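S.K.: Turn this into a model:
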Amino acid sequence: MRSRVVAALPIALALVWLSGCATMAGWVGIASSESVDEKLTGTRSELEAEIGSLRSDLDAHQTRVTEIESLSRSMEEAIRATEELQQLADVMESRLEQMPRDTIQELVDILQRYLDDSE
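M.R.: Modelled structure (predicted):
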């Protein structure tokens, strides 16, 4: 009889241990489904917050990229306009060199009178 009790004791202990896993999970270091769900919910919330922050950063960077592209286009236009003005100045210089000096002096005088009158 005693051998039956001794043989049944490990089986009974195993059954108590297995049935108590869910309620004694925190005591013996076994994770319960509730604790796993809580951990999962917490991790999901942290990840969603991090994703939101990264999306915000990405939007800010995209705005900066758009501004930089706009500035780049403006600079290219300014460079092109400057090159055109330089070419026109070269043409004007060559034409002025071909004009007689007294004609240039008359133009300067006309411009000076215009400036004096506009003051």
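S.K.: State the helix or strand in which Ser74 lies.
M.R.: Secondary-structure assignment from DSSP states H and E places Ser74 in helix 33-98.
S.K.: So what angle separates the directions of the next helix or strand after that helix and helix 33-98?
M.R.: Downstream of helix 33-98, the next assigned helix or strand under DSSP H and E is helix 101-118. Taking axes from the mean of the first three to the mean of the last three Cα atoms, to 10 degrees, one finds helix 101-118 and helix 33-98 inclined to each other by 120 degrees.
S.K.: what packs against helix 101-118?
M.R.: Using 3 or more Cβ pairs under 8 Å, 6 or more residues apart in numbering; DSSP states H and E, no helix or strand is in contact with helix 101-118. Heads up, the C-betas are built off the backbone N, CA and C, glycines and all.
S.K.: I'd like the average pLDDT over it.
M.R.: Averaged across helix 101-118, pLDDT comes to 88.
S.K.: can you check stretch 65-79 too?
M.R.: pLDDT averaged over stretch 65-79 gives 97.
S.K.: gap between that stretch and the chain center?
M.R.: 19 Å (Cα atoms, centre = their mean, to the nearest Å).
S.K.: domain ranges for this structure?
M.R.: Following automatic domain parsing, one gets these domains for the chain: 1-30, 33-113.
S.K.: distance of Ser33 from Leu40?
M.R.: The gap separating Ser33 from Leu40 is 10 Å, by Cβ to Cβ, to the nearest Å.
S.K.: what do you get for Thr63?
M.R.: Taken as Cβ to Cβ, the span from Thr63 to Leu40 is 35 Å.
S.K.: Tabulate the domains of the chain (CSV), appending mean neighbour count.
M.R.: As requested, these are exported to CSV (neighbours: other Cβ atoms under 10 Å):
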stretch, mean neighbour count
domain 1-30, 10
domain 33-113, 10
